[in-house]
Structures are given as structure tokens and as C-alpha cells.
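> Quick one: sequence plus predicted model below, questions after.
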Amino acid sequence: MAKLYKVEMYIFDLNDMYNDIDEVIKSAERKSCAEFIPFNIQKVEFKWDENIALYHMNDIDTFRSYFKE
């Protein structure tokens, strides 16, 4: 039986391996039997270090604070 999941997620590209979300999705699809249908995509770039809030606080409000509403 097929399943459909609605997911909001934040993906860290800490090693700058991907140019955009399409590359992330294609990579994931090649490694699984899942198909991803993204929409309402937003991206934010920032310099990673161990002092930023995301390193210490992995709650939804911390993630959302990086995106403008």
C-alpha cells in the first residue's frame, strides 16, 4: 500500500555539497524508492559555527527564526 507524508523539514548542508534543494532531493531519490514533490521552498544561507543557536537549540522556533515570514 502506498503512503503519502506531508513533512516540513530543515536540511543542513554543512559541507556545501548541494547547489539547491533539487540536488538534495535527487540524491535522496536515487538512494531510496521514494519520490519527493516539493513546493513552497525557501532557502537561507549562513556561516556555520558552534556558537549559533541552531547548534544548541533544535526546536521549531529556532529553525523558523532563520526565515522571514
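Nice, I can see it.
> From here on, just use CA atoms for contacts and neighbour counts.
Will do.
> Going by secondary structure, D61 is in what exactly?
Element membership for D61, per DSSP states H and E: helix 60-64.
> what residues does that helix touch?
Applying CA atoms under 8 Å, 6 or more residues apart in numbering, the contact partners of helix 60-64 are Y10, A53, L54.
> Is the residue positioned nearest the centre of the chain in a helix, a strand, or coil?
When CA atoms, centre = their mean is applied to the chain, the residue found nearest the centroid is I11 (2.3 Å). Secondary structure for I11, judged by DSSP: H, G, I helix; E, B strand; the rest coil, is coil.
> and the lengthiest helix in the chain, which residues are buried?
As assigned by DSSP state H, the longest helix anywhere in the chain is helix 21-30. Of all the residues in helix 21-30, those buried under the rule 16 or more other CA atoms under 10 Å are I25.
> any low-confidence regions in this protein?
Applying pLDDT under 70 to the chain flags the ranges 69.
> packing partners for the strand or helix carrying L54?
According to DSSP H and E, L54 maps onto helix 53-56. Under the contact criterion of 3 or more CA pairs under 8 Å, 6 or more residues apart in numbering; DSSP states H and E, helix 53-56 touches helix 60-64.
> and the helix it packs on, C-alpha only, in PDB?
The C-alpha coordinates for helix 60-64 follow below in PDB (Å, rounded to 0.1, in the frame of the first residue of the first chain):
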ATOM      1  CA  ILE A  60      11.000  24.700  15.700                       C
ATOM      2  CA  ASP A  61      11.100  28.300  16.800                       C
ATOM      3  CA  THR A  62      14.900  28.400  16.400                       C
ATOM      4  CA  PHE A  63      14.600  27.000  12.900                       C
ATOM      5  CA  ARG A  64      11.800  29.300  11.900                       C
END
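> oh, and call the first residue 17 from now on, that's how I've got it
Sure, I'll start numbering at 17, so the last one becomes helix 76-80.
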